[in-house]
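**Q** Structure for this input, please:
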Amino acid sequence: MATDLNVELVAVRHGITAWNLERRYQGQRDIPLLFPEAEEGLLTLRAALADERFDAIYASDLGRCQETLAWSQAAKPGVPVYAERRLRELDFGEYEGKVYDELKELPHYHAWIDSAGELQIPGGESSGQLRERLDAWLDDVAEHTRQHGYRKVLVVTHGGVIRELRRRFETLDFWQGIVHQAQGRRWQLAYQAGEDGKGEWQCNCSLAVPAQVSATQ
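**A** All right, here's what the predicted structure looks like:
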């Protein structure tokens, strides 16, 4: 296999919402950011990205991610911005809008927790279905990178999406991939294409965003 693409992928989670504070499953509900509670994290994220120039930006089309992108001020003139349905949060189906205490007695909720997200949520998705749409999106990132020469890409998305990307790139357990609001990860990726034309992203380095003072995780 040959390595023909190298990209720095910076993925950040949207800022805090009222449902985050209430610990409600948001999924694909279009819940806006909560102010003034979200402001401190958004300003910290803006400062962390201030000196960076991205070749392209991909953001979930849900409002809380679009608001976070606007606050980041990362979308400079001439930089293509893709509004991506495939970067939406896991579809939590019947769990959306509910908190743990409202679900804890339900057998299918217990089964979903015990499966580490692999079971399909009633009316929603499984982690495998989320991975399928992320795989399709990553294929498009490779194609766009090949066509346009992207070297650094920003992604504004959701906690569940970043967790699945961390599981893929960092080989973490389902419960280890959580990032807080207005934070994320920076990955150095290389795309290895085989003779059959199919390829795969490999991660060479992973760092926290914003960068941590004394740690590399």
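**Q** show me the residues around Ile178 that make contact.
**A** 159, 163 (C-beta atoms under 8 Å, 6 or more residues apart in numbering). C-beta here means a position set from N, CA and C on the backbone, and glycine is covered the same way.
**Q** Check it and give its pLDDT.
**A** Looking at Ile178, its pLDDT reads 90.
**Q** and what of Ala2?
**A** pLDDT, Ala2: 48.
**Q** same check, this time on Thr145
**A** pLDDT, Thr145: 94.
**Q** Helix or strand with the lowest mean pLDDT in this structure?
**A** Least confident helix or strand, the chain: strand 2-13 with a mean of 87, by mean pLDDT, DSSP states H and E.
**Q** What is the subsequent helix or strand relative to the longest helix seen in the chain?
**A** Looking across the chain with DSSP state H, the single longest helix is helix 127-148. Remark: after helix 127-148, the chain's next helix or strand is strand 152-157, criterion DSSP states H and E.
**Q** buried residues in the helix or strand following that following strand?
**A** On the C-terminal side of strand 152-157, the closest following helix or strand by DSSP H and E is helix 159-170. In terms of neighbour count (16 or more other C-beta atoms under 10 Å), helix 159-170 has its buried residues at 159-169.
**Q** again with stretch 32-48
**A** Buried residues in stretch 32-48, counted by 16+ other C-beta under 10 Å: 32-34, 38, 41-42, 45-46, 48.
**Q** what do you get for stretch 191-204?
**A** Judged by neighbour count (16+ other C-beta under 10 Å), stretch 191-204 contains these buried residues: 191, 193, 199-201, 203.
**Q** and the end-to-end length of it?
**A** 11 Å (C-alpha to C-alpha, to the nearest Å).
**Q** so where's the protein uncertain?
**A** Counting by pLDDT under 70, the low-confidence segments of the chain come to 1-3, 197, 213-217.
**Q** mind redoing it with 50?
**A** The chain contains residues with pLDDT under 50 at 1-2, 215-217.
**Q** Strands of that one, start to end?
**A** With DSSP state E, the ranges of strands along the chain come out as 2-13, 56-60, 81-84, 152-157, 184-193, 199-209.
**Q** Can you tell me which of those strands is most buried?
**A** A comparison of the strands of the chain by mean neighbour count, using mean count of other C-beta atoms under 10 Å, puts strand 152-157 on top with a mean of 24.
**Q** Which neighbouring elements make contact with that strand?
**A** strand 2-13, strand 56-60, helix 63-72 (3 or more C-beta pairs under 8 Å, 6 or more residues apart in numbering; DSSP states H and E).
**Q** Centre of the chain to the longest one, how far?
**A** It refers to strand 2-13. 14 Å (C-alpha atoms, centre = their mean, to the nearest Å).
**Q** Same question for the second one.
**A** Put simply, strand 56-60 sits 10 Å off its chain's centre (C-alpha atoms, centre = their mean).
**Q** between that strand and helix 127-148, how many degrees?
**A** Angle, strand 56-60 to helix 127-148, by axes from the mean of the first three to the mean of the last three C-alpha atoms, to 10 degrees: 160 degrees.
**Q** What strands line up against strand 56-60, and which way round?
**A** With DSSP bridges as the test, strand 56-60 is paired with strand 81-84 (parallel), strand 152-157 (parallel).
**Q** Next up, the contacts around Asp61.
**A** 83-85, 87-88.
**Q** can you check His180 too?
**A** Residues near His180 by C-beta under 8 Å, 6+ apart: 13, 41.
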